[in-house]
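**Q** Need a 3D model of the sequence below.
(chains A and B)
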Amino acid sequence: MNVKKPKVRELKEAIKGLFSKPYTTEFPYKPHTPPARYRGKPEYNKDICVGCGACFQVCPAKAIEMIDKIENGSATRTLIHHPSQCIFCGECERNCITGEGIKLTTKFDIAYFEEKDTLNSVEHKLITCLHCGTVIGTEKHLQWVMKRLGNLGFAQPVLLTQLMETLKIKTDFEEKVVPPIQRTDMLKIVCPKCRRIAFISDEKKER
Amino acid sequence: MENNKKKKVVVPIGPYHPLLEEPEFFALYCDGETVVDVEWQAGYNHRGIEKLSESKHWDQVPFLVERICGICSTSHPFAYCNAVEDLLGIKVPERAKYIRSIIGELERLHSHLLWVGLAGHFLGYNTVFMWAWKYREPVLDMFEIITGNRNHYAMFKIGGVRRNIENEDIPALRKVLSELKGQIEMLTGAVLDDPVLAARLKGVGVLTKEHIKNFGAVGPVARASGVDIDIRRDDPYSAYPLVEWKVITTENGDVFDKAVVRLLECFESMKIISQCLDAIEGKPGDICAEVREVPEGEGTGRHEAPRGECFHYIRSDGANSPVRHKIRAPSYTNIPTFKASCIGQTISDVAIILAGVDPCYCCTERVAVYDAEKKKKMYDFNYLVEKSREKTELLKKEI
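**A** Numbering: from 1, shown residues only, chains lettered A, B, ... in the order given. So this is what the prediction gives:
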């Protein structure tokens, strides 16, 4: 059998290997730069994120946690990203309504000693219904919707009142709704359900 | 070790923790050195993927099925997307079709190189192992540049692909392919010319056409035995009917031919990729069709994974997630062929025969050998690999 040919080939590779640099990288000693489109750890951009919670809804691995905390007087929404559950699919980035609220970075070295060091979270002020107390949305989200709608937004009482509040124009709509809810309460910050009740009950009264 | 009690006790080897996908258990019954019977058990790594898929949104399922297998991680989303598109009856944009084929073929390249390397490793021919895995690395780097990850590419979406292949990535991909072509040619020559490998693998673990048809084996295992089946040609999908390539078949059906089929398929894959790159270069277009909702109905999708036909069936009731999702991976039909290929072979050949169908290597890790008369445990997997390497050494001396 012809043994020479393969042996010569192997020898050629061996000599080539002798004079070339090692094929492996010197990773721990020299830093590694991942490619520009590498899918690494997702991070929130605190200025752009509006806290709509889309990333929480679309995450296939349930790596994003959304906590709505309503305590007397103040309501906050916290979105927490858990890298230990993350599969780096990029669905959160793709479905982000602002486009840049959460973005995959090129960070690949995300090992940690304590989980709290690696958590990435963003906190938002929540707007709740003055009558029943359910969540309407975050303050930034409503502002974002208002901006997107433009002039059409003035037709929406909650958005209008919210805008006046942020512009610090004094209105008497911030007061608490005194039950039973009435038609005059429609311009106050109430959820769609309560607004419907207000509208219908007032109609009834007039008849 | 004597079995004094003469009881028929089956001792399972290895902890059954889910190390990788599809851990299985093999019991080899031996008469001296010759294997008399093989027993196969599966189901140790039941993760409930099908059930889990029923609780996910249509768009989330590709990420789940991608994680069935770590090596052929794009074949399951490929088949799943084919199934849903079959149900929807939508047209995938041309560019998306080409990108899909590129990803599918790059995966075949790296999977086949991985197999060649591991086969060499099992035979004690570690040079092949080092070469094959070295040449596989640029393919994985390419994946990292195009899709953002070495594995689990997250490219597939119902109606198209998630990410575009940018024009500036194409020259790099071409460079990798042209380098790889020379390297695989060298590797193919090294494997096919080597007299030791030829003596070691020819006539070992032969599967005839009859065997393939009886067991329903698919993929390179079937093609090595001369059964000319390939889903890419028989049931055209994606960009495969738009490019020129041919199905590789060989006649003998032994482990050597399985290696030949896989190595030659690498060249076909490279041909497909370069044609697809020509088709998409400088021609911008949509990469995803719009999918609003999934209507009631059922659909099937197939994809020629590196190991053979991967089959997905889905049924929808018009809601947000599948009602039923059935998956059949190629290894499931290929593994029972051991019943035909192992019998009559020596123990030292069993490791490479088991590796020949390219199952997951965690499968072979659960091998235990029983003496046909004494019914006692004799060997474990490490012993088998050692035996296999010893035989190669012996042959080397003879030649």
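**Q** and B:Lys51, how many neighbours does it have?
**A** The tally of other residues near B:Lys51 (other C-beta atoms under 10 Å in any protein chain shown) stands at 11. Yep, even glycine has a C-beta here, placed from its N, CA and C like the rest.
**Q** Any stretches of the chain with poor pLDDT?
**A** Picking chain A for this. Within chain A, the ranges that satisfy pLDDT under 70 run A:1-4, A:6, A:171-175, A:177, A:202-207.
**Q** let's do chain B instead
**A** For chain B, the ranges with pLDDT under 70 are B:1-25, B:41-45, B:359-381.
**Q** Around B:Asn252, how many other residues sit close by?
**A** Per other C-beta under 10 Å, the neighbour tally for B:Asn252 reads 17.
**Q** so it makes contact with B:Ala224?
**A** Yes - the pair formed by B:Asn252 and B:Ala224 meets the contact definition of C-beta atoms under 8 Å, at 7.4 Å.
**Q** joint contacts of the two?
**A** Counting by C-beta atoms under 8 Å, 6 or more residues apart in numbering or on different chains, B:Asn252 and B:Ala224 have no shared contacts at all.
**Q** Please identify the residues of chain A in proximity to chain B?
**A** Within chain A, the positions near chain B by C-beta under 8 Å from any C-beta of the partner chain are A:1-3, A:5-6, A:9-10, A:13, A:23, A:34-35, A:37-39, A:58, A:60-61, A:87-91, A:94, A:104.
**Q** Give me the buried entries from those residues.
**A** The neighbour count (16 or more other C-beta atoms under 10 Å in any protein chain shown) marks A:6, A:13, A:34, A:37-39, A:58, A:60-61, A:87-91, A:94, A:104 as buried among these.
**Q** B:Glu298 in helix, strand or coil?
**A** Three-state call for B:Glu298 (DSSP: H, G, I helix; E, B strand; the rest coil): strand.
**Q** Quickly list what the closest residue to it other than its chain neighbours is bridged to.
**A** If the residues on either side of it in the chain are set aside, B:Glu298 comes closest to B:Arg315, at 4.3 Å by C-beta to C-beta, 6 or more residues apart in numbering or on different chains. Applying DSSP bridges to B:Arg315 gives these bridge partners: B:Glu298, B:Arg324.
**Q** Surely B:Arg315 touches B:Thr300?
**A** No - between B:Arg315 and B:Thr300 there is no contact under C-beta under 8 Å: 10.1 Å.
**Q** Can you list the neighbours in contact with whichever strand or helix holds B:Lys213?
**A** Using DSSP states H and E, the element containing B:Lys213 is helix B:209-215. Helix B:209-215 is contacted from outside by B:217, B:221-222, B:225-227, B:253, B:333, B:336-337, B:339-341, using C-beta under 8 Å, 6+ apart.
**Q** just how off-centre is it within its chain?
**A** Put simply, helix B:209-215 sits 19 Å off its chain's centre (C-alpha atoms, centre = their mean, to the nearest Å).
**Q** What residues of that helix count as buried?
**A** If you call a residue buried by 16+ other C-beta under 10 Å, then helix B:209-215 has these buried ones: B:211-212, B:215.
**Q** just stretch B:159-171 next, same as before
**A** Buried residues in stretch B:159-171, counted by 16+ other C-beta under 10 Å: B:159-165, B:169-170.
**Q** Could you do stretch B:342-349 as well?
**A** Applying 16+ other C-beta under 10 Å to stretch B:342-349 flags B:342, B:345, B:347-349 as buried.
**Q** Then stretch B:314-325?
**A** Across stretch B:314-325, burial judged by 16+ other C-beta under 10 Å covers B:314-316, B:321-322, B:325.
**Q** And for stretch B:56-73?
**A** Residues of stretch B:56-73 classed as buried by neighbour count (16+ other C-beta under 10 Å): B:56, B:58-69, B:71-73.
**Q** Distance across it, terminal residue to terminal residue?
**A** End-to-end distance of stretch B:56-73: 18 Å, with C-alpha to C-alpha, to the nearest Å as the criterion.
**Q** Could you tell me how far that stretch lies from the centre of the chain?
**A** Relative to its chain's centre, stretch B:56-73 lies at 16 Å (C-alpha atoms, centre = their mean).
**Q** quick one: is it near chain A?
**A** Yes - contact of stretch B:56-73 with chain A (C-beta under 8 Å from any C-beta) involves B:56-57, B:59-60, B:63-64, B:67.
**Q** where along chain A do the strands fall?
**A** Along chain A, counting by DSSP state E, strands occupy A:42-44, A:64-70, A:75-81, A:102-104, A:120-128, A:135-138.
**Q** ok, now the stretch 251-399 of chain B?
**A** Under the criterion DSSP state E, counting those that start in this stretch, strands of the stretch 251-399 of chain B are mapped to B:296-305, B:308-317, B:324-328, B:367-371.
**Q** which of the ones you listed sits most buried?
**A** strand B:308-317 (a mean of 23; mean count of other C-beta atoms under 10 Å in any protein chain shown).
**Q** what's the angle from it to strand B:324-328?
**A** 170 degrees (axes from the mean of the first three to the mean of the last three C-alpha atoms, to 10 degrees).
**Q** For the closest residue to chain A within the stretch 251-399 of chain B, which non-adjacent residue is spatially closest?
**A** Here the residue of the stretch 251-399 of chain B nearest chain A is B:Ile399; by C-beta to the nearest C-beta that distance is 6.1 Å. Closest residue in space to B:Ile399, ignoring its immediate chain neighbours: B:Pro195 at 5.1 Å, by C-beta to C-beta, 6+ apart.
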